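Return a 3D structure for these sequence lines:
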Amino acid sequence: MFVSVGAAGGCKERESGTEHSMSNTMRLQFQLNWKLSLFSFALLPILLSLGVWQLSRAQQKQTLQESWQHQQALPALPYRGDTAFQNRRYVVSGQFVTDRYWLLENRMLDSKLGYEVLMAFRVGEHLLLVNRGWVAAGQYRQDSPQLVLPVAEQRLSGTLKQPSDSRFIEQSYQPVTQWPQRLLEVDTALMASQFGEPLAAHILLLDPDSPTALAVNWQPINMSPAKHTGYAVQWFAMALALTVLWCITNTNILMLIRRQR
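Sure, this is the predicted structure:
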């Protein structure tokens with residue numbers, strides 16, 4: 001009688017122990033993988049900050065695009081030298097300097113490689129750089145495009161813009177032996193030293209219907225706000241994937257999911 005009772009009690013103890021161990025396995029438990037945790041804690045803030053930065057860039061580009069569109073809708077103003085405003089349309093009267101001009105290299109239009117033609121334009125006492133637009137490149141780099149160089153006085157209209165300065169492009173002064181000169185980006189200080197006279201710090205982008213304009217398709221921004229937003233989504237998705245990976249490798253969450261199934 002005693003044995004049977006003891007056996008029953010032993011069975012009950014084993015059952016309670018089994019239930020206790022099963023209840024433990026049904027709880028979320030942590031077992032830190034220190035190497036992966038340190039890697040995740042170091043990388044996660046970087047991914048999140050990159051996503052936030054891309055969102056801020058999208059907002060900046062959206063503001064710049066809206067400002068450009070607003071300025072384009074305003075009537076053109078007469079150009080008065082250094083008092084001009086950026087991204088505003090102006091009308092200028094003067095004459096091109098035709099014996100010295102520049103070609104901006106590696107400019108694409110409709111998937112075709114070419115140049116943008118920049119010429120100095122005399123407006124009273126000022127020398128203003130004018131971007132006439134795009135022209136196709138020849139078969140060989142040494143072949144300069146055939147251009148019609150306007151010699152008469154012109155009345156032009158276009159948008160005044162501050163040239164961008166890339167940190168990754170360095171252009172040093174070289175003695176000018178022949179024209180046109182080829183450049184990778186607009187550098188008014190370098191171009192003034194090549195030209196031999198002071199040039200205005202801004203540049204006029206000709207309107208498509210302005211006299212002497214070539215192929216014109218100006219873009220106020222080099223990357224759309226939607227593309228910046230897409231990059232932000234990618235950075236946040238990587239941060240989410242890293243968080244999920246950390247949870248899987250540092251907890252028993254997969255076991256809990258399988259048991260529930």
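
partners of the longest strand seen in the chain in the sheet?
When the chain is parsed with DSSP state E, its longest strand is strand 89-109. Counting by DSSP bridges, the strands paired with strand 89-109 are strand 77-78 (parallel), strand 112-123 (antiparallel), strand 154-161 (antiparallel), strand 181-183 (parallel).

Those: which one's closest to V233?
strand 154-161 (30.8 Å; CB to CB). C-beta: built from backbone N, CA, C; applies to glycine.

contact partners of the closest one?
By CB atoms under 8 Å, 6 or more residues apart in numbering, the residues outside strand 154-161 that reach it are 71-72, 76, 79, 84-96, 121, 130-131, 202-207, 209-212, 218.

before we move on, the earlier item: export the strands paired with strand 89-109 as JSON lines, with columns for mean pLDDT.
Conversion of the strands paired with strand 89-109 to JSON lines gives the following (pLDDT from 0 to 100):
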{"stretch": "strand 77-78", "mean pLDDT": "88"}
{"stretch": "strand 112-123", "mean pLDDT": "93"}
{"stretch": "strand 154-161", "mean pLDDT": "91"}
{"stretch": "strand 181-183", "mean pLDDT": "89"}
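
export those strands to TSV and tack on mean neighbour count?
Output for these, formatted as TSV (neighbours: other CB atoms under 10 Å):
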stretch	mean neighbour count
strand 77-78	12
strand 112-123	20
strand 154-161	19
strand 181-183	16
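
of all those, which lies closest to R259?
Across these, R259 has its closest neighbour in strand 112-123 (61.9 Å, CB to CB).

out of the strands paired with strand 89-109, which comes closest to N222?
Taking CB to CB, strand 154-161 is the member of the strands paired with strand 89-109 nearest to N222, at 12.8 Å.

quick one: that closest one to chain centroid distance?
Centroid displacement of strand 154-161 relative to its chain, using CA atoms, centre = their mean, to the nearest Å, is 26 Å.

L184 contacts N106, doesn't it?
Yes: with contact defined as CB atoms under 8 Å, L184 and N106 form a contacting pair (7.1 Å).
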